[in-house]
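I'll drop the sequence and a predicted model, then ask my questions.
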Amino acid sequence: MDADILNRFDVLIDCPSARISFATEQIEYPGNTLTTDEFMGIPVIDVTVANVPHRMFFDTGAQISYFQPDDRLSMKPDDYIGPCKERRIVNGRALICYWAVRELEVSMTQVAEHLKLAVLKVSAAGKNGEKSASRNELVWSRLLNLEI
């Protein structure tokens, strides 16, 4: 289920009961609330794995989800915004540009606006991201998911 649909509802995910509830009004439940941010329309959550905090995309449409640490993807989403020549940011941003345009079908103009870059930079970064994804066998649906 895509985030644009989930954003219309209050959602309760009850793992022990294997139940998901949707409501147009606020759901009252004695438990922990998961707060989310958003990056280019994708929910972002804070998680801790093996006592190490991570900010991760929460891919609600994935058929299978798991966590695979990768230095390029473990940074804060805001780290990728604006010009920067730091190698790991450039490499990570290249993957974001490639996946946003190719996998999520976001326009290059929208990606450029979100990342505060010129459209030509997004185009070049996307080409580099495609090469990196292919060379390193990085698959969007396998890397940006969280096992819950």
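Happy to help now that I have it.

mind checking pLDDT for Ala63?
Actually, residue 63 is Gln. It isn't Ala. What the model reports for Gln63 is a pLDDT of 60.

do the same with Val101
With respect to pLDDT, Val101 scores 91.

Now the element after the helix or strand that contains it, going C-ward?
Val101 is part of helix 87-102, with elements assigned from DSSP states H and E. Beyond helix 87-102 in the direction of the C-terminus, DSSP H and E gives the next helix or strand as helix 108-115.

Counting neighbours, show which residues of that following helix come out buried.
Along helix 108-115, these residues count as buried under the neighbour rule (16 or more other Cβ atoms under 10 Å): Met108, Gln110, Val111, Ala112, His114, Leu115. C-beta coordinates here come from the backbone N, C-alpha and C atoms, glycine included.

next one: stretch 80-100
By 16+ other Cβ under 10 Å, the buried positions in stretch 80-100 come out as Tyr80, Ile89, Asn91, Gly92, Arg93, Ala94, Leu95, Ile96, Cys97, Tyr98, Trp99, Ala100.

Switch the residues you listed over to CSV; also include distance to Leu34.
Shown next, in CSV, are those (distance: Cβ to Cβ, whole Å):
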residue, distance to Leu34
Tyr80, 23
Ile89, 27
Asn91, 29
Gly92, 24
Arg93, 27
Ala94, 30
Leu95, 25
Ile96, 23
Cys97, 28
Tyr98, 28
Trp99, 24
Ala100, 24
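
is the residue most central in space within the chain in a bridge, and if so with what?
Centroid-nearest residue in the chain: Phe57, 2.9 Å away (criterion: Cα atoms, centre = their mean). Here Phe57 shows beta-bridge partners Val44, assigned using DSSP bridges.

Val101 against Ala125, yeah?
No: Val101 is not in contact with Ala125 according to Cβ atoms under 8 Å; the separation is 9.6 Å.

Perfect, that will be all.
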